[in-house]
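>>> Let's see this in three dimensions:
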Amino acid sequence: MASRTGTFHSKLLWKPVRPADLRRCVAWNQAPPSAALDKITAELAAAAGPALPGTLTVRAYACGKPGCRCHADPPRLHGPYAEWTRKIGGKTITRRLTSAELAEYQPLFDNAKKLRALLAELQDLTLQIISTDDQEP
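Next up, the predicted model:
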């Protein structure tokens, strides 16, 4: 892989870092865009691994039986239950996980969350670089 010693251009091409970019970053006490971009891409590469799509929630429920303890005052809800929700073929699918499955899948959910956060950070940085390119003559 070629070394990245430039900024990401709006046309998805690499170009060298201009002195104005470096001065602006030094003035704001920030890393140059290329350094920040390299840092994020390295973190993405390090985090790449098995990940599960969707969200994990832990909920407690009230049932439909009127005389149940979950309808008392104060209510004692059923659960907590771990649920995995994701989209498959445009439909929302929810699956209840056992304690063993939750323990097994938790690192995969954590990794997916980390990857989403890093990707959002990379997109924000790219937008900043593109907006500074558009502002300069």
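
>>> Low-confidence regions, the chain specifically.
Along the chain, segments meeting pLDDT under 70 span 1-33, 132-137.

>>> tell me, which strand in it spans the most residues?
strand 78-88 (DSSP state E).

>>> so what does that one touch, helix or strand wise?
strand 55-61, strand 91-97, helix 99-135 (3 or more C-beta pairs under 8 Å, 6 or more residues apart in numbering; DSSP states H and E). Bear in mind the C-beta positions are built from the backbone N, C-alpha and C, glycine included.

>>> Export those to TSV and append columns for mean neighbour count.
As requested, the helices and strands packed on strand 78-88 are exported to TSV (neighbours: other C-beta atoms under 10 Å):
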stretch	mean neighbour count
strand 55-61	13
strand 91-97	11
helix 99-135	14
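
>>> To Leu77, which of these lies closest?
strand 55-61 (3.7 Å; C-beta to C-beta).

>>> Report the distance from the closest one to the chain centre.
Between the centre of strand 55-61 and the centre of its chain there are 19 Å (C-alpha atoms, centre = their mean, to the nearest Å).

>>> same thing with stretch 61-73?
For stretch 61-73, the distance to the chain centre is 37 Å (C-alpha atoms, centre = their mean).

>>> Buried residues in that stretch, which are they?
Going by neighbour count (16 or more other C-beta atoms under 10 Å), nothing in stretch 61-73 comes out as buried.
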